[in-house]
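Chemist: Everything below, folded, please.
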Amino acid sequence: MMKNKENGLDDKKHKSSRFEYLKIFRAIVLIPIVILMLWGIEIGNIFVVVSGIALSFIISYPFKRIISKECKIKDERGYYISEKASKQTLFIFSILAIYMGIVLDTFGNQYPPYLQAGITLNISVLVIIAIYAVSYTYNKRKYGN
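Modeler: As a prediction, this is how the structure comes out:
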């Protein structure tokens with residue numbers, strides 16, 4: 001590795017610090033957009049919310065390109081860790097959502113709107129699990145292993 005002659009930092013450290021600054025700057029830029037979206041939800045204006053979502057994608061894209069260009073994953077450990085984390089997240093969310101749906105279903109006799117919310121929550125978890133199973137099977141067949 002080559003040393004940077006001006007300040008003595010390694011190139012890797014310089015890239016990672018630039019990466020951190022870009023992440024922080026992106027978050028600071030997106031905070032007003034999130035506030036705009038929350039305001040749109042508060043007043044009930046779907047146009048403001050959709051505009052905020054579109055604006056956040058438009059602003060985030062250049063940052064994402066720069067970050068992904070500079071900080072590429074060079075080995076499969078990152079992919080493995082990401083896969084483990086996503087599976088755990090899906091599992092924990094599914095379990096919590098199913099239990100919350102069951103709780104809402106049980107309150108459905110006393111409070112009818114809770115019954116509909118519980119059924120919707122349980123059906124959405126089943127759809128998420130089905131989509132995950134189909135995509136997992138497809139990718140396993142396509143890429144092997």
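Chemist: Would you check that M100 makes contact with L121?
Modeler: Yes. With contact defined as C-beta atoms under 8 Å, M100 counts as touching L121 (6.1 Å). All C-beta atoms are positioned from the backbone trio N, CA, C, and that covers glycine.
Chemist: Tell me which of those two has more neighbours.
Modeler: Neighbours per residue (other C-beta atoms under 10 Å) separate M100 from L121, with L121 holding more: 19 against 15.
Chemist: So that one versus G144, what's the distance?
Modeler: Noted for L121: a distance of 36 Å to G144, by C-beta to C-beta, to the nearest Å.
Chemist: what do you get for R65?
Modeler: Counting by C-beta to C-beta, the gap from R65 to G144 is 30 Å.
Chemist: Among these two, which residue is more densely surrounded?
Modeler: Neighbours per residue (other C-beta under 10 Å) separate R65 from G144, with R65 holding more: 10 against 6.
Chemist: Look up how far A133 lies from the more buried one.
Modeler: Per C-beta to C-beta, R65 is found 32 Å from A133.
Chemist: likewise L90?
Modeler: L90 sits 11 Å away from A133, going by C-beta to C-beta.
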